[in-house]
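Engineer: Please find the sequence and the predicted model below.
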Amino acid sequence: MEEEKTQDILILAVESSCDETAASVVKNGQEVLSNVISSQIELHTLYGGVVPEIASRKHIERINQVIEEALSKAGVTLDEITAIAVTYGPGLVGALLVGVSAAKAISFAADKPLIGVHHIEGHISANYIENKTLEPPFACLVVSGGHTHLVAVKDYGEYEILGYTRDDAAGEAFDKVARAIGLGYPGGPKIDKISREGNPDAIHFPRAKVDGANYDFSFSGLKSAVLNYLNTCQMKGIEINKADVAASFQKAVVDVLVEHSLSAVKEYHFEKFAIAGGVASNSALRTAFETACQKQKIAFYYPSPIFCTDNAAMIGVAGYYEYRKGTRSGFDLNAVPNLRLGER
Ligand code: KG4
Ligand code: ZN
């Protein structure tokens, strides 16, 4: 008797929430058949940060080409796709709308189900791509340019936020400090690099705690402390050592992220811990978590840098689990700039 072949689930995913126009084809939630990312970083570098109106216009110019390339690189026709997943929030409204509109048009024209995906759920799901054995429950720290969330991943698509930033996101702090010491945008990778030549104990910057909320974060005080330090040096005519400032700032961020995350992992009795988002590719952060998790006998997971920063493969993975749960979006799906995790 011939064995019945289970049908592969192929998700075409689209991501346009910030400054990357991205599309991907993901097979069965784990195999990335293509991962096309058209970055606008160079364009925004001129302005020292993302200019929303420019981002939307660039997405419009590139989206169709990026989607076509994702299909052709995957060697898959639109007909073979099972469903279309798209980031519908949070993010820049004009940027999100481009991806959402493109996904809706394809879903309508090709008669394929449409699935709206939360951007943070995408970042968390990036961990499933290379860690085939990772399954919920686990705790995940999502650190990016727009978000700093400590999340309990109770099941696929089931989340509880344990802590979040009260002001700046971790990546935002990296970007602002980098700008202040003249490293340019985006600051995270530049601070990461220059810090390797600096002394992380050269300057003591504050490690902020939020009263009564052990797992919440605050980075604006740290950012101000760095700015104050730079101003004081300038006034006194002292030449600053950029590498020392970068390394000391980075250590202050890493210390707080590790301490808060690991104490939550302990209190909630998690055996697994993951990181996600652009800042998760920071080398000092990875090393610090590796050491801390090893000490506490916690399994530690992290995606490759290409799956840490914004990409559509992570949306395809999250879309796969949402598809299996039966999540379907209508053609009234809208961009929701401040969408909360767990909300629909
Ligand atoms: O996840 P992502 O691409 O976009 C958002 O969803 O926000 O994250 C971008 C952020 C930027 O703030 C960037 O400076 C930061 O991630 N980043 C890093 C590193 N690579 C990217 N921060 C620290 N170290 C890095 N190596
Ligand atoms: Zn992101």
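Structural biologist: Nice, I can see it. Ligands and ions are numbered 1, 2, ... in the order given.
Engineer: can you pull out the helices in the stretch 51-200 of the chain?
Structural biologist: With helices called from DSSP state H, counting those that start in this stretch, the stretch 51-200 of the chain shows them at 52-74, 93-110, 119-130, 170-180, 187-195.
Engineer: Looks like residue 115 contacts residue 329 (just checking).
Structural biologist: Yes. Residue 115 is within contact range of residue 329, at 5.8 Å (criterion: CB atoms under 8 Å). Just so you know, the C-beta spots here come from the backbone N, C-alpha and C atoms, and that holds for glycine as well.
Engineer: if I look at the residue in the stretch 51-200 of the chain positioned nearest to ligand 2, how far off is ligand 1?
Structural biologist: Closest contact between the stretch 51-200 of the chain and ligand 2, by CB to the ion, is at residue 144 (4.4 Å). According to CB to the nearest ligand atom, to the nearest Å, residue 144 and ligand 1 sit 3 Å apart.
Engineer: okay, now the nearest residue to that residue once chain neighbours are set aside: neighbour count?
Structural biologist: Ranked by CB to CB, 6 or more residues apart in numbering and with sequence neighbours excluded, the top spatial neighbour of residue 144 is residue 277, at 3.3 Å. If you count neighbours by other CB atoms under 10 Å, residue 277 ends up with 30.
Engineer: quick revisit: could I get the helices of the stretch 51-200 of the chain as CSV with mean neighbour count?
Structural biologist: Output for the helices of the stretch 51-200 of the chain, formatted as CSV (neighbours: other CB atoms under 10 Å):
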stretch, mean neighbour count
helix 52-74, 19
helix 93-110, 21
helix 119-130, 26
helix 170-180, 24
helix 187-195, 21
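Engineer: So which of residue 115 and residue 329 has more stuff around it?
Structural biologist: For the pair residue 115 and residue 329, the greater number of neighbours falls to residue 115 (28 against 23), based on other CB under 10 Å.
Engineer: is that one in a bridge, and if so with what?
Structural biologist: Counting by DSSP bridges, residue 115 is bridged to residue 85.
Engineer: Got the confidence number for it?
Structural biologist: If you check residue 115, the pLDDT there is 98.
Engineer: residue contacts, it?
Structural biologist: Applying CB atoms under 8 Å, 6 or more residues apart in numbering to residue 115 gives the contacts 11, 83, 84, 85, 86, 319, 322, 323, 327, 328, 329.
Engineer: These, buried ones only, as a ChimeraX selection?
Structural biologist: With 16 or more other CB atoms under 10 Å as the burial test, the buried ones among those are selected in ChimeraX as follows:
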select :11,83,84,85,86,319,322,323,327,329
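Engineer: Looking at the contacts of residue 115, which one is closest to ligand 1?
Structural biologist: residue 86 (15.4 Å; CB to the nearest ligand atom).
Engineer: May I ask you to confirm that the closest one is in contact with residue 316?
Structural biologist: No. When contacts are counted by CB under 8 Å, residue 86 is not listed as touching residue 316 (10.2 Å).
Engineer: who touches both of those two?
Structural biologist: What both residue 86 and residue 316 touch, as defined by CB under 8 Å, 6+ apart, is the set residue 13.
Engineer: Spell out which parts of the stretch 101-250 of the chain neighbour ligand 1.
Structural biologist: 144, 145, 146, 171, 174, 175, 186, 187, 188, 189, 192 (CB under 6 Å from any ligand atom).
Engineer: got the contact list for the fifth one?
Structural biologist: Pointing back at residue 174 there. Neighbour list for residue 174: 186, 187, 188, 191, 250, 253, 279, 282 [criterion: CB under 8 Å, 6+ apart].
Engineer: The closest residue to ligand 2 within the stretch 201-344 of the chain: how many residues sit nearby?
Structural biologist: The nearest approach of the stretch 201-344 of the chain to ligand 2 comes at residue 310, 4.4 Å away (CB to the ion). Counted with other CB under 10 Å, the neighbours of residue 310 add up to 27.
Engineer: Please shift the residue numbers so they start at 129 in all later answers.
Structural biologist: Yes, from this point I'll number from 129; that puts the last item at residue 438.
Engineer: residues in contact with it?
Structural biologist: 143, 145, 146, 147, 148, 150, 165, 272, 406.
Engineer: Contacts only, for the fifth one.
Structural biologist: Listed by CB under 8 Å, 6+ apart, the contact set of residue 148 reads 165, 166, 167, 168, 437, 438, 439.
Engineer: Check the third one too.
Structural biologist: Under the criterion of CB under 8 Å, 6+ apart, the neighbours of residue 146 are 178, 183, 219, 220, 223, 273, 274, 438.
Engineer: one more time with 6 Å, if that's ok
Structural biologist: 219, 438 (CB atoms under 6 Å, 6 or more residues apart in numbering).
Engineer: and it, how far is that from residue 186?
Structural biologist: Distance check for residue 146 against residue 186: by CB to CB, to the nearest Å, it reads 11 Å.
Engineer: Could you tell me the per-residue confidence at the residue of the stretch 179-328 of the chain closest to ligand 2?
Structural biologist: 95.
Engineer: Residue 336 too?
Structural biologist: Predicted confidence (pLDDT) for residue 336: 88.
Engineer: Close to ligand 2: what parts of the stretch 329-472 of the chain are there?
Structural biologist: For the stretch 329-472 of the chain, the contact set with ligand 2 under CB under 5 Å from the ion comprises residue 438.
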